[in-house]
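# For reference, the sequence and a predicted model appear below.
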Amino acid sequence: MKSIKFEENETILSPPDVCDFIAFITSGSLRSYHLDDQLNEMNLLLRSENEFITDYESFISKQSAGLRIQAIEEGEAILLDKNDLDKLYDESFYWNKFGRILSEQIFINSKRRNEQMLFRTPKQRYLDLIKHEPEFFQRYSLKHISSYLGITPQSLSRIRKQIAESEQNQYS
């Protein structure tokens with residue numbers, strides 16, 4: 001394990017590098033995102049203190065990363081190196097269990113995120129985010145939130161306006 005410090009907007013991982021770490025964030029925040037051919041960014045994860053972030057596919061396959069990881073705020077993280085973690089898995093029941101639990105959590109989060117993007121409307125995704133992750137709105141910019149929701153900032157603005165008008169009409 002090694003501790004790193006990162007500055008706001010600093011890139012921690014970008015293709016074609018292989019992701020050989022899992023980062024545990026001790027302060028600040030990071031995002032993982034995809035950059036398409038038109039240079040549009042799509043946030044996959046927004047993570048902060050006491051959360052993990054990685055490109056898990058690259059981490060497991062030892063192939064080029066498909067995601068980028070960038071600092072949103074300055075901070076620090078502890079990097080768990082792939083080779084060292086594999087040794088710990090082999091030598092310790094505790095670390096082997098840790099790896100299994102981590103993999104299960106990554107799977108569950110990925111499944112939920114896929115279902116959300118496939119089966120929920122942008123408005124439903126926004127309302128779910130307010131309900132389940134209200135701290136996002138204090139921590140992340142609306143630009144990052146809209147990208148995380150898979151919509152444009154303009155669409156997010158329209159959704160927020162519709163909800164505000166609906167609530168205002170409810171109390172009139």
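Done, it's in. Numbers count the residues shown, from 1 in each chain.

# Domain-wise, how is this structure divided?
Domain assignment of the chain by automatic domain parsing yields the ranges 1-118, 120-172.

# I'd like the ones you listed as CSV, with mean neighbour count appended.
All C-beta atoms are positioned from the backbone trio N, CA, C, and that covers glycine. Shown next, in CSV, are these (neighbours: other C-beta atoms under 10 Å):
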stretch, mean neighbour count
domain 1-118, 16
domain 120-172, 14
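
# Just send those domains back as JSON lines, with mean pLDDT too.
Formatted as JSON lines, the domains of the chain follow (pLDDT from 0 to 100):
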{"stretch": "domain 1-118", "mean pLDDT": "96"}
{"stretch": "domain 120-172", "mean pLDDT": "94"}
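
# Name whatever forms a beta bridge with residue 29.
Following DSSP bridges, residue 29 is listed with bridge partners residue 48, residue 73.

# From residue 150, how far out is it?
Computed as C-beta to C-beta, to the nearest Å, the residue 29 to residue 150 distance reads 20 Å.

# Also residue 54?
Distance of residue 54 to residue 150, given as C-beta to C-beta: 21 Å.

# In the chain, what residue spans correspond to strands?
2-6, 11-13, 21-35, 41-48, 52-53, 68-81 (DSSP state E).

# could the ones you listed be laid out in TSV, adding distance to residue 146?
Below are those laid out as TSV (distance: least, C-beta to C-beta, whole Å):
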stretch	distance to residue 146
strand 2-6	23
strand 11-13	21
strand 21-35	12
strand 41-48	9
strand 52-53	20
strand 68-81	14
